[in-house]
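Enquirer: Provided below are the primary sequence and the corresponding predicted coordinates.
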Amino acid sequence: MPLGNIGVTGLILILLIALIIFGPSKLPELGRAFGRTLSEFKNSTRELVSADDIQDGDKLK
C-alpha cells in the first residue's frame, strides 16, 4: 500500500497515536522541528539542482 493512499481516517489514526505517545505539550514542538527539517531539505535540494544546472550550462558552451 503506497503512502499516498492513507486517507483521512489513516491520518486521524496517526495523529491520535502521536498524541498518545508524545502528549499534547510535545506535538507543537515536533511539528516545528518537522517543518524546519522539510524547509532545510527543500533549500538543499534547490541548491543542488541550481548547481547542476550551472554545471550543465558550462558544458554546453
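Expert: In hand now; what should we look at? Computed from a predicted model, the values in this text were never measured in an experiment.

Enquirer: so how far is the lengthiest helix in the chain from its chain's centroid?
Expert: As assigned by DSSP state H, the longest helix anywhere in the chain is helix 27-60. Offset of helix 27-60 from its chain centre (C-alpha atoms, centre = their mean, to the nearest Å): 11 Å.

Enquirer: and it, what's its mean pLDDT?
Expert: Helix 27-60 carries an average pLDDT of 83.

Enquirer: may I see the buried residues of stretch 38-45?
Expert: Within stretch 38-45, no residue qualifies as buried by neighbour count (16 or more other C-beta atoms under 10 Å). All C-beta atoms are positioned from the backbone trio N, CA, C, and that covers glycine.

Enquirer: let me fix that: stretch 49-58
Expert: Under 16+ other C-beta under 10 Å, stretch 49-58 has no buried positions.

Enquirer: give me the distance between L38 and A18.
Expert: L38 sits 17 Å away from A18, going by C-beta to C-beta, to the nearest Å.

Enquirer: go on, A51?
Expert: 36 Å.

Enquirer: same question for I54.
Expert: Taken as C-beta to C-beta, the span from I54 to A18 is 41 Å.

Enquirer: give me the residue at the spatial middle of the chain.
Expert: Against the mean C-alpha coordinate of the chain, by C-alpha atoms, centre = their mean, the closest residue is L38 at 3.9 Å.

Enquirer: gap between that one and T45?
Expert: 10 Å.
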